[in-house]
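J.: Give the three-dimensional model of this entry:
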Amino acid sequence: MKLINFDYLKYLIVFLPFSIALGRFTTDVTVILIGLFFIIYTYIQKIKIPFIYFFVFTILFYIYILTRSIFSSELAYSLHSSLFYFRFIFYAYGIYLILNKYHDVKKKLFISFILIYLFLIFDSYLQYFYGKNILSYEFDGTRVTSIFDEKILGSYIVRTSPIFIFLLVNIYNLRMNINNKLFYVFIFLLTLLDSLILISGERTAFALLIIFNLFIMIVCSKNIQKLFLYKNLISIFIFTLILFVFNDVKNRVVDETISSISSDDQFYIFSPEYDGIYKSSINVFNQNPLFGHGPRLYNKVCNKYDYMICGSHSHNSYLQLLSETGLIGFIFLFSIFLYISYNLLKLFLQRNYFKKLTNYHDEKVILLSLIFINIFPFSANGNFFGNWISAMYFLPIGFYFYISSKHEKNH
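T.: Here you go, the predicted model:
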């Protein structure tokens, strides 16, 4: 007899684009439920944990940050970030399991992405041109936010649209009734999403978009390259039009960037504020380079000393790990970055030199490129231990597990 009906839990992934967009609370609830699904299902069905090397690697990282919190100067405060961090590991595995178990979920998720993107396009441009969006959130004159409480519209799009592209490519390769005309409609949709990243004023998101597009253009197959060429040409035209017509966007993305990195005959990393935060992060790291001060404690330690600027966190994942978890914690993340870079290099060589594409080549490139930009060392980002950014970091890993398992089955 079936004690638990798991079938309804597949909708956790279907509505994932909405739950992530709605905020931290809905994101965390979804992360926890997907992780619980994996734990309960594998226990009942007595399934061995797949991709065991990744599991052991990430569990070791979890044990380390938990131990570092326990031996930190402020135990309760530090445990807030580390104690339940393991939920993101099971969340990634839960995504893989749902995709692998329910074959219809991809198309439903694809439709879900279309709906949220159409809404964001309408709502964002409404906010930009009329000063308020549907929820009466006001446009501040520089950053379009749409329904997001924080200024993360561009980050949301650049970190989720590759999943949408993955689904588009994967469904198209499986011949799931997407004709050419409709396909070009989706290309136009992607160009509109690109334009939202620009008007959001998030310069980091815009830079990550460029890096992602470069990977697709030089590593993917000719068919995908051709489609991205059309998309990028249209996007460049729209970008040029926006920058010439709308001075507030140009001032934010171009003029402020130039003035921020070079002011008073001095060079700054991104801006004087970020430059100060990065320098203070290095100073905090130097006080305990091997183990760091404990998760979430950069700000606490920084404010005890006479540093120029102390942010709420380091605004860079690698500097945050260095200051809070030391070289040991840093090595975990940097090892993943090297592994992703190595695999992208292998796919690049297969595509451009050996002229031999394996199954699901393009899907792998898309997902690995997303993981690459997520953990790109030279980008500003949110709190590494925050639930929203962690959910974004682990999201493509579940999809990559899924496509890797499909590849192994075909061999």
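
J.: any idea where the helices of the stretch 151-300 of the chain begin and end?
T.: 153-173, 180-199, 203-219, 222-245, 247-250, 256-261, 272-287, 298-302 (DSSP state H, counting those that start in this stretch).

J.: Redo those as a markdown table? Include mean pLDDT and mean neighbour count.
T.: For glycine as for every other residue, the C-beta is placed from the backbone atoms N, C-alpha and C. Putting those into a markdown table (pLDDT from 0 to 100; neighbours: other CB atoms under 10 Å) gives the following:
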| stretch | mean pLDDT | mean neighbour count |
| --- | --- | --- |
| helix 153-173 | 91 | 23 |
| helix 180-199 | 87 | 17 |
| helix 203-219 | 95 | 19 |
| helix 222-245 | 90 | 15 |
| helix 247-250 | 83 | 15 |
| helix 256-261 | 74 | 14 |
| helix 272-287 | 89 | 19 |
| helix 298-302 | 90 | 22 |
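
J.: could I get the ones you listed as CSV with distance to Ser81?
T.: As requested, those are arranged in CSV below (distance: least, CB to CB, whole Å):
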stretch, distance to Ser81
helix 153-173, 20
helix 180-199, 29
helix 203-219, 22
helix 222-245, 37
helix 247-250, 35
helix 256-261, 29
helix 272-287, 16
helix 298-302, 11
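
J.: Stretch 305-316 - what's its average pLDDT?
T.: Mean pLDDT, stretch 305-316: 82.

J.: Figure out how far that stretch is from the centre of its chain.
T.: Distance of stretch 305-316 from the chain centroid (CA atoms, centre = their mean, to the nearest Å) equals 23 Å.

J.: try stretch 270-279
T.: For stretch 270-279, the distance to the chain centre is 22 Å (CA atoms, centre = their mean).

J.: do you know which of the helices of the stretch 151-300 of the chain lies nearest Ile147?
T.: Nearest of these to Ile147, taken as CB to CB: helix 153-173 at 8.5 Å.

J.: among the helices of the stretch 151-300 of the chain, which is nearest Met392?
T.: Here helix 153-173 is closest among the helices of the stretch 151-300 of the chain (CB to CB), at 4.6 Å.

J.: Tell me what angle the closest one forms with helix 203-219.
T.: With axes from the mean of the first three to the mean of the last three CA atoms, to 10 degrees defining the directions, helix 153-173 sits at 20 degrees from helix 203-219.

J.: Helix 153-173 vs helix 180-199, what angle?
T.: Using the same axes, to 10 degrees, helix 153-173 lies at 160 degrees relative to helix 180-199.

J.: So which elements touch helix 153-173?
T.: helix 16-22, helix 105-130, helix 180-199, helix 203-219, helix 361-374, helix 387-409 (3 or more CB pairs under 8 Å, 6 or more residues apart in numbering; DSSP states H and E).

J.: which residues make contact with the first one from outside it?
T.: Okay, so that is helix 16-22. 26-27, 29-30, 109, 112-113, 116, 120, 147-148, 156, 160, 388, 391-392, 395 (CB atoms under 8 Å, 6 or more residues apart in numbering).

J.: Mind listing what's buried along the next helix or strand after that helix?
T.: Per DSSP states H and E, the first helix or strand lying C-terminal to helix 16-22 is helix 24-45. For helix 24-45, a neighbour-count test (16 or more other CB atoms under 10 Å) marks 27-28, 30-32, 34-38, 41-42 as buried.

J.: same deal with stretch 395-408?
T.: Those would be 395-404, for stretch 395-408 by 16+ other CB under 10 Å.

J.: Could you dump those into a markdown table with distance to Lys132 and pLDDT added?
T.: Below are the buried residues of stretch 395-408 laid out as a markdown table (distance: CB to CB, whole Å; pLDDT from 0 to 100):
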| residue | distance to Lys132 | pLDDT |
| --- | --- | --- |
| Leu395 | 30 | 97 |
| Pro396 | 34 | 97 |
| Ile397 | 37 | 97 |
| Gly398 | 36 | 96 |
| Phe399 | 36 | 97 |
| Tyr400 | 39 | 97 |
| Phe401 | 42 | 96 |
| Tyr402 | 40 | 95 |
| Ile403 | 41 | 94 |
| Ser404 | 45 | 92 |
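
J.: and the longest helix along the chain, how far from the chain's centre?
T.: Secondary structure of the chain per DSSP state H: the longest helix is helix 317-352. Averaged C-alpha coordinates place helix 317-352 at 15 Å from its chain's average position (CA atoms, centre = their mean).

J.: what's the angle from that helix to helix 203-219?
T.: 20 degrees.

J.: how many degrees apart are helix 317-352 and helix 387-409 in direction?
T.: Using the same axes, to 10 degrees: helix 317-352 against helix 387-409 is 30 degrees.

J.: what's helix 317-352 packed up against?
T.: Short answer (3+ CB pairs under 8 Å, 6+ apart): helix 317-352 packs on helix 52-70, helix 203-219, helix 272-287, helix 298-302, helix 361-374.

J.: So which bits of that helix are buried?
T.: Those would be 317-326, 328-330, 332-334, 336-337, 340, 343-344, 347, 351, for helix 317-352 by 16+ other CB under 10 Å.

J.: Touching, Ser341 and Phe372? I think so.
T.: Yes: Ser341 lies in contact with Phe372 (CB atoms under 8 Å); the separation is 6.9 Å.

J.: Now do stretch 17-30: distance from first to last residue.
T.: 11 Å (CA to CA, to the nearest Å).

J.: Just give the nearest non-adjacent residue to Val158, would you?
T.: Excluding its sequence neighbours, the residue lying closest to Val158 (CB to CB, 6 or more residues apart in numbering) is Ala205, at 4.5 Å.

J.: oh sorry, the question was meant for Ile134
T.: Asp123 is the one closest to Ile134 (CB to CB, 6+ apart), at 5.4 Å.

J.: swap in Gly398?
T.: Nearest non-adjacent residue to Gly398, counting by CB to CB, 6+ apart: Ile95, 2.7 Å away.

J.: Okay, buried residues for the helix or strand harbouring the one you found please.
T.: Element membership for Ile95, per DSSP H and E: helix 86-101. Within helix 86-101, the residues that count as buried by 16+ other CB under 10 Å are 86-99.

J.: Which member of these is positioned nearest Leu9?
T.: Ile98 (7.1 Å).

J.: Next one: the closest one from Tyr402, what distance?
T.: Distance, Ile98 to Tyr402, by CB to CB, to the nearest Å: 9 Å.
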